[in-house]
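In: Sharing a model that was predicted from the sequence below.
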Amino acid sequence: MGRMRIVAFGVGFGLLAAALLALLWPKPPIYQVPSQTFHSVLVIPDAKANESLMHLVFPSGEAANPYEEGLAHYVEHLAFLSAFHTPAAGWDHHSNAWTSAFSTVYRRAIGPEGMGSALRELTSVAEPISLEQRFALEERDIVLREYERSLAEHTLYPALRDVDQTLYGAGGLSRSVIGAPNEIAGFSLDDARALHQQSHRLSQATLLIYGDVNKAEVKQALTRLPASPKEQRSVPPVWVAPAPLSDRRAYPLDGLTEGTFLYRKIVPLGDCGTPAECSMILRIAYAALDSTREGGLAGPLRFDAFIARRFSLGLDMIAGQYALLSFEAAPDTGVSLAELERVFFETLKGTLRAGLPHDTIERTRARIVADLDDIPEDARPSRTHDHVLFAISTANPIVPLVELRQAAETVSTLDVNAFLTTLLGDGREVTRLISVGG
Amino acid sequence: MIRWIVALVLVLGLGSCKDDPVREVVLAQTPEGRSFYFMEARGKGVDQVAMTIAWPTDWVYDAGNNPAVPHIAAQTILSGGTEDLRPQDVMTFFNDHNAFGRLDATVDHVIGRLVFAPEDRPQVIAIANEMLVTPQLDPDWVTRMTEDFRARVEDSWTQSSTHMWVLARRAILGDVPIWRGIDLPDRSVIAQVTPADLKAWHATTIVGNNLTIVVTGALSAQDAGEAVDSLLAGLPDGPAVQKPTTEPDFEPITVLLHRPEAEKTLVAFTGELPSADRGHDFETHLALQLFARSGDGPLFEAVRTNLRASYGFGAWYANMNRAIRVLNIAGEVETAKLQETVDVVRETYSAYRTGPETQAFAGMRDDLAADVKENTQNPDVAADVILQLALDGLDPAQATPFEQQVKEMTPQALTDTLTTAFPAAQSLSVIAVSADADALPGACVITEIAQIERCK
């Protein structure tokens, strides 16, 4: 009942606030353009953009890969080279690509040759991989070097993998996006081709166009592309194993230079309102929990007493379905990992049960509003583009910045605290006390 | 570990556009007679003030001083609150008011940065002034910051890349105080830092004279001058800073550091570049960008596309101090292809230096100009740029807007810079780290950084 009353109040207040905000925050346009080729085409015009860009997002990443771990990333390398690389000229440095658990993304700048040409090149990532076999297999060595660059000698990485594998269980998010060295070295080209055929379908993809472009130009370029076969959108993979879990372990790790406490909990997002409202609730809850204000973790852990020398907190929406709370900390001198764990849980659960004080939420909201309002009008299309691209490529709902700004007016203290109670509920949680090994 | 504000000026600049008022840098005076550079910046998206101050220091040049002290002191001074405000009260105030402050220690200067909204000036300045003049230096906070610094330094030493770069700098600088200040080869000094050390460093470093000061943003010159005087009120004058000249050694060597626990093989090429005050920053930066750009750059094509030995190499420059600038080319490489990589990088660099392909020049120059223009909109960034110019001995008040400098750059200027300022390929040193002691035939193989002298 309390939530209903607040929601009703929130809507009434929100209408007034939205009217006022419309004056301060004219909507940067996001067009949806019909297409027979792609699942959807979004256009964010920005006449002042330094560079016009296209991103092609396939909603299939490592989580949907049924083959060796890391193969989706290898496929991305191969598809990119197949589409963009020529032996004589390499590839244009304005092109790029990346893979995550959720998606595979290709980026192409729109150069002087025009949108049509860039679009043909970009969409060719979906064509069968046409690389010479030796070159394609050698690309495994390049991926190995990429692994070395980012993960070899990363002292905490084994513990982080352990946490992911335990937290997500049989869910797709437990898989390593880059894979392990022995797996990478053995990637099969046949498997890569099969996965490419399965994951790189234009009918499933979203094309995001940003920059000094107009709707008519986009429509014309799209008409020159062949139509894709009609098909339903693929069902997303199971991201997280469904069974609740609470798993706590303590162990040493060789090479570590400081004891480290790790905690993750993932829960269903629950009924938190519209996507914009849910996003804003998570933003407020995160910033308040991270702060020195009453209800926040920083006071009890870092300032009222010397418990955590450093800590980092995260609160993220996962695939539009879950909320993930992440916490990592190193204890102060003379404080054990177990003592840090005790104070952390005491503080966190105390706040989740009692809720954040209204004053803490209001001050946090004011900071977020100030940050959003500080985005210069000129920069809003660019920031909206970044925001939309992030949402599409992480399987999250698209929340334009203007809607997020509006949600800052409508979300109430009760909404935030109702969400916090969901973090106490059933979910999957992993606790690790990692001490310095030999 | 000291991390220089490397080449900050390269990607920043002081520009204006038709929609914004013209921004000019002037040399102004505070009511109490301090000189400072000032740039008023108002208009779209600008509602903040940025103050940047450089305190000259010679602390690490004195072999009797503990080189870990500046890092820990800089962190502790701004973490301990004030006499009336607890540390969490200060943090809450700054967070609520979207204000920001930090101190960074380099071997030549301590750089202070303060950013705030104009209406918060009195409170922010009062808090920052008290922290600078009478820092709390609470022993518990000193312990926390010392341990934090120790953990970060120890973690960096688990990385082969740290071993490679410390070795590269040791080869150039020698076993002198400035090298020990940059790289802290003896990590045990961190645990030896005491509150008394921090007080001594504070008393000799955070002083009221010989400063380089910059204020930018949404305030008048008069208000800026008053803000400077208030911020520095009560700081005593300190002794003159005296630094010995460091003679770098760029005699080419080829060294392999054998590190059995290394999980990857890395190689770096280093060489001498003219110091920061000699200019050519944009030409140098763009020449390196063109050389190492991914996809179709000559270095990338050589080591990744053709040799298939690396995910990608980077090329950049780094300042050891204001006088010593180093060219760096480096990347991870397949161990079995290390020798081939060394040969190919040398050949590719040599060909590029004497005959750069300039096909991508115009596009990359325009991209750089756009980045420079975008960065100029931010008073915080602009204040840093003006400060770096002043510290390089270049007069910010006379500087051509950087965006214009970049736009006017010609392919010939780039070619001239490469041929006159860049070292020849045979002058480059090769520094590798590998678990395979035989990975680079002909190299001087060592197992400890201190053994480098035997390779010279």
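Out: Nice, I can see it.
In: and stretch B:35-45, which residues are buried?
Out: B:F36, B:Y37, B:F38, B:M39, B:E40, B:A41 (16 or more other C-beta atoms under 10 Å in any protein chain shown). In short, each C-beta sits where N, CA and C put it, glycine included.
In: same check, this time on stretch A:335-344
Out: Neighbour-count burial for stretch A:335-344 [16+ other C-beta under 10 Å]: A:V335, A:L337, A:L340, A:E341, A:V343, A:F344.
In: Among these, which one lies nearest to chain B?
Out: A:V335 (10.6 Å; C-beta to the nearest C-beta).
In: Check which element follows the helix or strand encompassing A:V267 along the chain.
Out: If you go by DSSP states H and E, A:V267 is part of strand A:260-268. Counting by DSSP H and E, the next helix or strand C-terminal to strand A:260-268 is helix A:275-289.
In: That following helix close to chain B?
Out: No: with C-beta under 8 Å from any C-beta of the partner chain as the criterion, chain B is not reached by helix A:275-289; the gap is at least 8.8 Å.
In: In terms of secondary structure, what does that helix contact?
Out: The elements that helix A:275-289 packs onto, with contact taken as 3 or more C-beta pairs under 8 Å, 6 or more residues apart in numbering or on different chains; DSSP states H and E, are strand A:308-318, helix A:358-373, helix A:401-410, helix A:413-422.
In: what about A:K48, how many neighbours?
Out: Using other C-beta atoms under 10 Å in any protein chain shown, A:K48 has 12 other residues around it.
In: And A:H385, by the same measure?
Out: 23.
In: separation between it and A:P34?
Out: Distance of A:H385 to A:P34, computed by C-beta to C-beta, to the nearest Å: 20 Å.
In: and what of A:H154?
Out: The value you get for A:H154 to A:P34, if C-beta to C-beta is used, is 45 Å.
In: for B:I449, same thing?
Out: Distance from B:I449 to A:P34, by C-beta to C-beta: 63 Å.
In: Tell me which of those two has more neighbours.
Out: B:I449 (19 against 9).
In: Spatially nearest residue to the more buried one, not counting backbone neighbours?
Out: Closest residue in space to B:I449, ignoring its immediate chain neighbours: B:L167 at 4.9 Å, by C-beta to C-beta, 6 or more residues apart in numbering or on different chains.
In: My read is that B:D138 contacts B:E83, right?
Out: No: taking contacts as C-beta atoms under 8 Å, B:D138 lies outside contact range of B:E83: 11.4 Å.
In: Please convert the helices and strands packed on helix A:275-289 to CSV, extending it with mean neighbour count.
Out: Listed next are these as CSV, based on neighbours: other C-beta atoms under 10 Å in any protein chain shown:
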stretch, mean neighbour count
strand A:308-318, 19
helix A:358-373, 17
helix A:401-410, 21
helix A:413-422, 20
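In: Dump those into CSV; add distance to chain B and mean pLDDT as well.
Out: CSV is the format used below for these (distance: least, C-beta to the nearest C-beta, whole Å; pLDDT from 0 to 100):
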stretch, distance to chain B, mean pLDDT
strand A:308-318, 5, 98
helix A:358-373, 6, 94
helix A:401-410, 15, 92
helix A:413-422, 17, 96
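In: Does A:S103 touch A:F390 like I think?
Out: No: assessed by C-beta under 8 Å, A:S103 is found out of contact with A:F390, at 10.6 Å.
In: The two: which has the busier surroundings?
Out: Neighbour tally, A:S103 and A:F390, criterion other C-beta under 10 Å: the higher count belongs to A:S103, 23 against 11.
In: What residues does B:P356 make contact with?
Out: For B:P356, the residues meeting the contact criterion (C-beta atoms under 8 Å, 6 or more residues apart in numbering or on different chains) are B:A287, B:L290, B:F291, B:L414, B:T415, B:L418.
In: closest to B:A382 among those?
Out: B:A382 lies nearest to B:A287 out of the contacts of B:P356, by C-beta to C-beta, at 25.2 Å.
In: Let me see the mean pLDDT of the helix or strand harbouring the closest one.
Out: Take DSSP H and E as the rule and B:A287 turns out to sit in helix B:281-292. For helix B:281-292, the mean per-residue pLDDT is 91.
In: just stretch A:106-119 next, same as before
Out: On average, stretch A:106-119 scores 90.
In: Mind listing residues that contact it?
Out: A:51-56, A:76, A:79-80, A:83-84, A:92, A:94-97, A:121-122, A:125, A:209, A:211, A:213, A:217-218, A:220-222, A:224-225.
In: before we move on, the earlier item: any chance of a markdown table for the helices and strands packed on helix A:275-289, columns distance to B:D96?
Out: Output for the helices and strands packed on helix A:275-289, formatted as a markdown table (distance: least, C-beta to C-beta, whole Å):
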| stretch | distance to B:D96 |
| --- | --- |
| strand A:308-318 | 18 |
| helix A:358-373 | 6 |
| helix A:401-410 | 16 |
| helix A:413-422 | 17 |
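In: What's the local residue count around A:T206?
Out: Neighbour count of A:T206, defined by other C-beta under 10 Å: 22.
In: coming back round to it: from the neighbour counts alone, determine which of B:D138 and B:E83 ranks first.
Out: Counted by other C-beta under 10 Å, B:D138 and B:E83 do not tie: B:D138 has more neighbours, with 15 against 7.
In: Would you mind measuring from that one to B:T57?
Out: Distance, B:D138 to B:T57, using C-beta to C-beta: 23 Å.
In: One more: A:Q321?
Out: From A:Q321 over to B:T57 (counting by C-beta to C-beta), the distance is 53 Å.
In: Between these two, which is the more surrounded one?
Out: Set side by side, A:Q321 and B:T57 show more neighbours around B:T57, with 23 against 14, by other C-beta under 10 Å.
In: which phi and psi does the closest residue in space to the more buried one that isn't next to it in sequence have?
Out: Spatial nearest neighbour of B:T57, excluding adjacent residues (C-beta to C-beta, 6+ apart): B:T205 at 5.1 Å. Note on B:T205: its backbone torsions stand at phi -110, psi -50 [degrees, to the nearest 10].
In: Good, wrapping up.
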